[in-house]
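K.L.:
below is the sequence, then the predicted model.
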Amino acid sequence: MRFASLFAPVACGVLVLSLASDAAAQSGERRSGWYIGGGVGANWASEIEQTGFNRDPLCYPTDACFDQDPRPEFPGYRWAYDLDSPAGPAFELAAGYALGRTRLELSFGQRRNDVDQMFSSVTTFDGVALEDRRNSTVTSNTTSSIDDLRVRTLAFNAYYDFRNAATGFSPYVGAGVGPAFVDVRGVRFSDEYFDTAGNGAAHDPPLSSYNASLDADFSDTVLAGHLHAGADFGVNARTALGVKLTWSMLSDVEYTGTYDLHAAQRFNPDFTHTDTFTGARYWSLQFTVRYVLGG
């Protein structure tokens with residue numbers, strides 16, 4: 001993924017805010033000082049695409065290739081899912097320094113969303129669609145699911161406050177960038193083969209040797225960019241309550257791991273799969289509080 005479109009507006013925003021800060025500091029419109037703050041609210045995630053691959057060479061009992069003699073080998077398989085997420089909780093803790101109309105801030109945030117995983121497709125590694133085996137009593141029971149997606153962010157943010165819009169009311173805009181620590185929790189997959197004929201027919205190798213299972217948590221650290229807009233309402237000289245809207249963009253999340261059980265483990269005990277999650281975008285709306293330190 002290219003990040004020029006992410007870095008350019010953030011860099012420009014920081015430059016503009018720095019210039020504005022100098023002008024504001026000279027005018028004496030607002031004193032400088034350290035502050036702490038936090039927020040709590042909800043977030044909404046975009047639809048995320050999950051794609052993956054492995055290097056499994058086997059043809060499976062439910063596929064048309066199983067009747068070929070000799071059975072072909074494949075370079076592997078590819079799969080795709082669409083992930084849909086309902087709204088989830090979000091919170092943020094921050095510490096920063098106000099300089100004129102500009103604020104520079106370091107923040108830690110977390111968002112959590114449940115995940116509905118919807119199967120899209122599976123093909124061979126080179127993109128060939130699989131055909132079902134005809135006139136066979138062998139079938140499979142395949143299930144997959146994901147519990148939730150958790151994103152923790154550490155961001156360097158820069159804000160510009162539009163003061164004097166109204167008494168006690170200060171709208172602002174901002175931008176930030178930093179790492180995102182992504183956890184995909186409760187990733188489960190199982191594939192079980194059986195013969196519906198019920199006549200005890202022997203299979204060589206046994207159908208159970210093609211079964212697969214996975215129960216794991218995926219994690220990765222990626223780059224994230226954030227755009228902010230909000231407003232503070234002064235309660236007194238030190239405390240402000242407010243509301244903040246944030247749009248966040250994450251780069252691709254990638255994870256490589258092993259299966260709990262897989263047919264290809266007969267050839268390679270450390271047989272792996274690789275999954276990639278793309279298109280992660282978040283909107284979050286939080287109610288915030290900020291407290292100015294010092295005298």
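P.N.:
Good, I have the coordinates.
K.L.:
for Arg150, see how far away the closest residue to His226 other than its chain neighbours is.
P.N.:
Once flanking residues are discounted, His226 sits nearest to Gly176: 4.2 Å by CB to CB, 6 or more residues apart in numbering. Bear in mind the C-beta positions are built from the backbone N, C-alpha and C, glycine included. According to CB to CB, to the nearest Å, Gly176 and Arg150 sit 19 Å apart.
K.L.:
after the strand or helix carrying Glu92 comes which helix or strand?
P.N.:
In this structure, Glu92 sits in strand 88-99 according to DSSP states H and E. Downstream of strand 88-99, the first helix or strand assigned by DSSP H and E is strand 102-114.
K.L.:
packing partners of that next one?
P.N.:
helix 4-27, strand 33-45, strand 88-99, strand 148-161, strand 169-195, strand 281-292 (3 or more CB pairs under 8 Å, 6 or more residues apart in numbering; DSSP states H and E).
K.L.:
these: lowest mean pLDDT?
P.N.:
Confidence, taken as mean pLDDT, is least for helix 4-27 of those (a mean of 40).
K.L.:
re the thing from before, closest to Val235 out of the helices and strands packed on strand 102-114?
P.N.:
strand 281-292 (8.9 Å; CB to CB).
K.L.:
tell me what angle that closest one forms with strand 33-45.
P.N.:
For strand 281-292 against strand 33-45, the angle by axes from the mean of the first three to the mean of the last three CA atoms, to 10 degrees is 160 degrees.
K.L.:
off-centre distance for strand 281-292?
P.N.:
Here strand 281-292 is found 19 Å from its chain centre; the criterion is CA atoms, centre = their mean, to the nearest Å.
K.L.:
what's the burial count for the nearest residue to Ala197 once chain neighbours are set aside?
P.N.:
Residue nearest to Ala197 in three dimensions, not counting chain neighbours: Thr137, with 4.1 Å by CB to CB, 6+ apart. Burial measure for Thr137: 11 neighbouring residues, criterion other CB atoms under 10 Å.
K.L.:
Thr137 against Phe194, yeah?
P.N.:
No. In this structure Thr137 lies outside contact range of Phe194 using CB atoms under 8 Å: 9.3 Å.
K.L.:
about what we covered before: how close does the residue nearest to His226 sit to Phe108?
P.N.:
12 Å.
K.L.:
and for the closest residue in space to Gly168 that isn't next to it in sequence, the neighbour number?
P.N.:
Leaving aside its sequence neighbours, Gly168 sits nearest to Gly234 (CB to CB, 6+ apart; 4.3 Å). When neighbours are counted by other CB under 10 Å, Gly234 registers 15.
K.L.:
and Gly234, bridged to which residues?
P.N.:
Bridge pairing for Gly234 (DSSP bridges) gives the partners Ala240.
K.L.:
again with Ala45
P.N.:
Using DSSP bridges, the bridge partners assigned to Ala45 are Tyr282.
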